[in-house]
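Student: The following comprises the amino acid sequence and a computationally predicted model.
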Amino acid sequence: MTQPPYDPSGQFATAPLPPAPATKPFHKRPAVWAVAGALVVGVGIGNAGGETGEASASATSSSSSSAPSSVAVAPTPAPVTVTVTETPAPVPTPATATATATATTPVVDFAMPDLVGLDLQTAQNVIQGNGVFLSRSHDLLGMRNQVLDSNWVVCTQNIPVGQQVTGAAEGLIDLGVVKREEPCP
C-alpha cells in the first residue's frame, strides 16, 4: 500500500472527479408525462358537469348587459312522484336468493322535508336519512361546482315540502343552491 506524496501545505493529491451524469431532456422524463396526464384527466372530469348551451347563453347574456336587470327565477318543475309496482316473483332457491336481494334497488316512502335555508351538507344528510343516497344540486347563480357542501345554502327544491316520495328516488331530488354569503335569487 502506497501513500500519496507528502505536501507541506497539508493537502493530498486527489484524482479528478468523474463528469456529472447527463440528464434527460424535460419532455423525455416519465414523471412529466404522468403529471400532464393527471392534469388532463382532472380537467376532463371538471368539465364533465355538462353545461347546456341554453344555460350558458343565458348566463353570458345576463352577465354582459350593463343595465341593471332583475334576476329571472326559473319556473318550479312539476312534482316528481316515483312509484314502483312489483309483480310477484317465484320463490327463489337459496342460491339465487342472495343474487336477487343485492340486485333490487331500495324503495323509499317518506314525506319530502323542508330543506330551504339549510346548508347543502345538512340537507343531503336529511335526504340520506330517508333512504335516498344520491341527490343532485345546482348553482342558481352560475355554473360553479359545489366542492365544500357546507359552504352552500339551499334556496329551492324540486319536490314540494310534504309531497310523498315513493319508489326508487335515487338522483331525482334536485336542490338549487347559492354560496353561503350570497342571497337567494
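Tutor: Okay, I see it. Residues are numbered from 1 along each chain as shown.
Student: ok, now how distant is Pro30 from Glu181?
Tutor: 44 Å (CB to CB, to the nearest Å). All C-beta spots, glycine's among them, are computed from the backbone N, C-alpha and C.
Student: what do you get for Phe110?
Tutor: From Phe110 to Glu181 the distance is 32 Å (CB to CB).
Student: who's more crowded, the two?
Tutor: For Phe110 versus Glu181, neighbours defined as other CB atoms under 10 Å are more numerous around Phe110 (15 against 7).
Student: tell me the SS of that one?
Tutor: strand (DSSP: H, G, I helix; E, B strand; the rest coil).
Student: go on, Gly46?
Tutor: helix.
Student: How about Pro16?
Tutor: coil.
Student: Near it, how many other residues are there?
Tutor: Around Pro16 there are 5 other residues, counting by other CB under 10 Å.
Student: Number the residues from 34 up from this point.
Tutor: Right, with 34 as the first residue, what we last looked at is Pro49.
Student: For it, give me phi and psi.
Tutor: phi -70, psi 150 (degrees, to the nearest 10).
Student: One more: Asp172?
Tutor: Dihedral angles (degrees, to the nearest 10) for Asp172: phi -80, psi 120.
Student: pull the helix or strand with minimum mean pLDDT from this protein.
Tutor: helix 86-97 (a mean of 45; mean pLDDT, DSSP states H and E).
Student: For this structure, give me the ranges with low pLDDT.
Tutor: Applying pLDDT under 70 to the chain flags the ranges 34, 37-41, 43-46, 82-139.
Student: one more time with 50, if that's ok
Tutor: Across the chain, the ranges flagged by pLDDT under 50 are 86-102, 117, 129-135.
Student: All the strands of it, residue numbers only.
Tutor: 141-144, 169-172, 185-190, 197-200, 207-212 (DSSP state E).
Student: Of those strands, which is nearest Gln161?
Tutor: strand 141-144 (10.7 Å; CB to CB).
Student: Which one of the strands of the chain lies nearest to Phe59?
Tutor: strand 169-172 (38.7 Å).
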